[in-house]
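In: sequence and predicted structure are below.
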Amino acid sequence: MGQTHIRTPKNFVLEERLERYADAIEVVPETYRGSWAAACAVVGTEDDAVNGTSTGVTASAIAPAPAGRPFDAVHLDLGCGKGAYLAACAARDPRSLYLGMDTEPICIAYAAQRIVEGELKNALVLPRSAESLERIFAPGELAGITLNFPTPFPKRKFAGKRLVNVDHLLAYRALLAPDARVTLRTDSQPLRDYALTQFEAAGYALHWVSDDVRAEHPGHPETEYEARLAAQGAAVYGICATPAAAPTPAHIQAGRDAEQSLAEYLPRDLGSLTYVPLGMEGYVVNARNRMAKGKAATPNSDARAR
């Protein structure tokens, strides 16, 4: 959910797009805290709802209606980008509600367009950041949170912005239903390895850890960003975990004390890297240049300056 740089068509007018697809954007999501499944219920017969064929309206257009069967589950795509993953999940699972959150207006416009043009009655976009989660969702309301290619913020001083740092993971715990899962997918092996320390510190039990999510867990739809990465030879790393026993203060502090510079999680042999994670290009180039000049350069030597 960091800064996003997107090329837009010459005729792209952001304000016009946001207005045109406003039915898929909930601008006051705090209103529906604790009632998302009912407030967004598809209107129609129960059989129609199960088949995903009934007409529907967004949360802002209705109050909870007895005629509408509440959704079975509420899923959050945190940092949904242009909405490809969100829309694909909603299309294949009409009995669940899919909510995408992002702070980039262009991403919000594109995601809302996908929802409207796909006639998806079980998806909405929320223009909010992760800091708003507790104001938008009640305890136990979410069946899952997906973090698709979040901004890695490689430098130590920005570690608090990572969506997988221990404090963010602790905030997610309260919002998750029993057995709900948090899933991270990323092209950054350093971010994934850092996240392992943070999931442990926040008291999560691991369902799986993967060096190749595409091959090992093919059920995840592909995002546009992911497609571009694949063309560059990037792998997709991942973690899927669920809250377990509440962590002790010592465990939480261990997560905060863990190495926060992602440079520390790079492989020692930088020459073996065939793909450099986002935001780490400059560091890797500089380290490789030092190695080429015969200087002793390891990921550790420069990381501590970051």
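Out: Structure received.

In: any stretches of the stretch 51-200 of the chain with poor pLDDT?
Out: Within the stretch 51-200 of the chain, the segments meeting pLDDT under 70 span 51-67.

In: quick one, strands of it?
Out: With DSSP state E, counting those that start in this stretch, the ranges of strands along the stretch 51-200 of the chain come out as 73-78, 96-101, 123-126, 142-148, 176-186.

In: could you export the ones you listed as CSV, including distance to residue 109?
Out: Backbone N, C-alpha and C define where each C-beta goes, glycine included. Converted to CSV, the strands of the stretch 51-200 of the chain look like this (distance: least, C-beta to C-beta, whole Å):
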stretch, distance to residue 109
strand 73-78, 16
strand 96-101, 12
strand 123-126, 9
strand 142-148, 18
strand 176-186, 23
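
In: closest one to residue 219 among those strands?
Out: strand 176-186 (10.6 Å; C-beta to C-beta).

In: adjacent strands (with direction) for the closest one?
Out: For strand 176-186, the pairing partners within the sheet under DSSP bridges are strand 142-148 (parallel), strand 237-243 (antiparallel).

In: what's the angle from it to strand 73-78?
Out: Put simply, strand 176-186 runs at 30 degrees to strand 73-78, going by axes from the mean of the first three to the mean of the last three C-alpha atoms, to 10 degrees.

In: list the buried residues for strand 176-186?
Out: 176-177, 180-186 (16 or more other C-beta atoms under 10 Å).

In: the helix or strand where residue 214 lies: which residues count as buried?
Out: Taking DSSP states H and E as the criterion, residue 214 maps to helix 213-216. Applying a neighbour-count criterion of 16+ other C-beta under 10 Å, one finds residue 213 buried in helix 213-216.

In: please begin residue numbering at 800 from this point
Out: Renumbered: residue one is now 800, and that last one reads helix 1012-1015.

In: what sits up against the very next helix or strand once past it?
Out: Under the assignment DSSP H and E, the closest C-terminal helix or strand after helix 1012-1015 is helix 1023-1030. Helix 1023-1030 is contacted from outside by 880-881, 883, 947-948, 984, 986, 1013, 1021, 1035, using C-beta atoms under 8 Å, 6 or more residues apart in numbering.

In: which residues touch the helix holding residue 1013?
Out: Against helix 1012-1015 from outside (C-beta under 8 Å, 6+ apart): 984, 1007, 1009, 1019, 1029, 1035-1037.

In: got phi/psi on residue 1006?
Out: Per-residue torsions, residue 1006: phi -90, psi -40 (degrees, to the nearest 10).
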